[in-house]
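Asker: the sequence isn't on hand, but the structure is:
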């Protein structure tokens, strides 16, 4: 449908899971995409696969916590697909612990990737977006950004902060044509969730418990999150700014499972 024609999108954590699903969905809607992931080998493989279909694509292995590496990736993106006018901050990591058992290293890793890394990307692309007359930034947050699950500290803190950054930047640059929004997925059928289930003695029972939490009896697919991302980046919601779209099948609305 070419809903993203003219969009040149910088996507982080793009080699697998939600990031890869978003990249595929954006390409299907005629966007040019620049993919970033710290897994160089996987990124190279994915980029090669996507390019076979004639996609306008570039890629660079980089760690989002390295501001210089992200600035270099944005410069490379400009040379390969044109000045970036949309950013999807997808890269993130689960860091779950008991508060008093959380080490300094765990705290730093959580905030460096989930918050500072997203800011590094925003800071790198915002000047070009503003100079080009506007664009969109989409942060992939989480239902952890407004609800708390015990034993998941300090991850919810970082996601709360990411949502705060979304609102702050959205207001700061609205007058310059920049929309900054977030998506808050709940459980999504990614490798991270599978790894979570596999951490239990009975993975199938853990999976069944997760499904039972949801009103519809299932969790989201990465492709369902990608559909929402396309909408949020597109020109179909030009007055949506500094807000968050929850995609969790109703999980965070109910007080407890039926």
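Answerer: All right, it came through fine. Note that the coordinates shown come from a computational prediction; the quantities given were computed from them, not determined experimentally.
Asker: quick one: contacts for residue 10?
Answerer: If you count contacts by Cβ atoms under 8 Å, 6 or more residues apart in numbering, residue 10 has them with 33-34, 36, 73-74, 77, 84, 86-88, 121, 125. In short, each C-beta sits where N, CA and C put it, glycine included.
Asker: mind putting these in JSON lines, distance to residue 224 included?
Answerer: Formatted as JSON lines, these follow (distance: Cβ to Cβ, whole Å):
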{"residue": "33", "distance to residue 224": "19"}
{"residue": "34", "distance to residue 224": "24"}
{"residue": "36", "distance to residue 224": "23"}
{"residue": "73", "distance to residue 224": "28"}
{"residue": "74", "distance to residue 224": "29"}
{"residue": "77", "distance to residue 224": "27"}
{"residue": "84", "distance to residue 224": "25"}
{"residue": "86", "distance to residue 224": "20"}
{"residue": "87", "distance to residue 224": "21"}
{"residue": "88", "distance to residue 224": "15"}
{"residue": "121", "distance to residue 224": "24"}
{"residue": "125", "distance to residue 224": "26"}
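Asker: from these, which land in helices?
Answerer: Of the positions in those, 73-74, 77, 121, 125 sit in helices, assigned by DSSP state H.
Asker: can you list the residues you listed in JSON lines and add distance to residue 11 and pLDDT?
Answerer: What follows is the ones in helices among the contacts of residue 10, written out as JSON lines (distance: Cβ to Cβ, whole Å; pLDDT from 0 to 100):
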{"residue": "73", "distance to residue 11": "11", "pLDDT": "98"}
{"residue": "74", "distance to residue 11": "12", "pLDDT": "98"}
{"residue": "77", "distance to residue 11": "10", "pLDDT": "98"}
{"residue": "121", "distance to residue 11": "10", "pLDDT": "98"}
{"residue": "125", "distance to residue 11": "11", "pLDDT": "98"}
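Asker: quick revisit: and the contacts of residue 10, which is closest to residue 141?
Answerer: residue 88 (11.9 Å; Cβ to Cβ).
Asker: that closest one bridge partners, please.
Answerer: residue 11, residue 138 (DSSP bridges).
Asker: next one: it from residue 70, what distance?
Answerer: 14 Å (Cβ to Cβ, to the nearest Å).
Asker: how is this protein carved up into domains?
Answerer: Listed domain ranges for the chain are 8-185+221-243, 188-219 (source: automatic domain parsing).
Asker: lowest average pLDDT across those domains?
Answerer: Among those, domain 188-219 has the lowest mean pLDDT, at a mean of 94.
Asker: what about the closest residue to residue 190 other than its chain neighbours, how many residues nearby?
Answerer: Once flanking residues are discounted, residue 190 sits nearest to residue 17: 4.0 Å by Cβ to Cβ, 6 or more residues apart in numbering. Residues near residue 17, counting by other Cβ atoms under 10 Å, number 19.
Asker: any idea how far residue 221 is from residue 17?
Answerer: Taken as Cβ to Cβ, the span from residue 17 to residue 221 is 11 Å.
Asker: strands along the chain, start to end?
Answerer: According to DSSP state E, the chain carries its strands in the segments 8-12, 32-37, 57-61, 86-89, 96-97, 135-140, 153-154, 178-185, 244-247.
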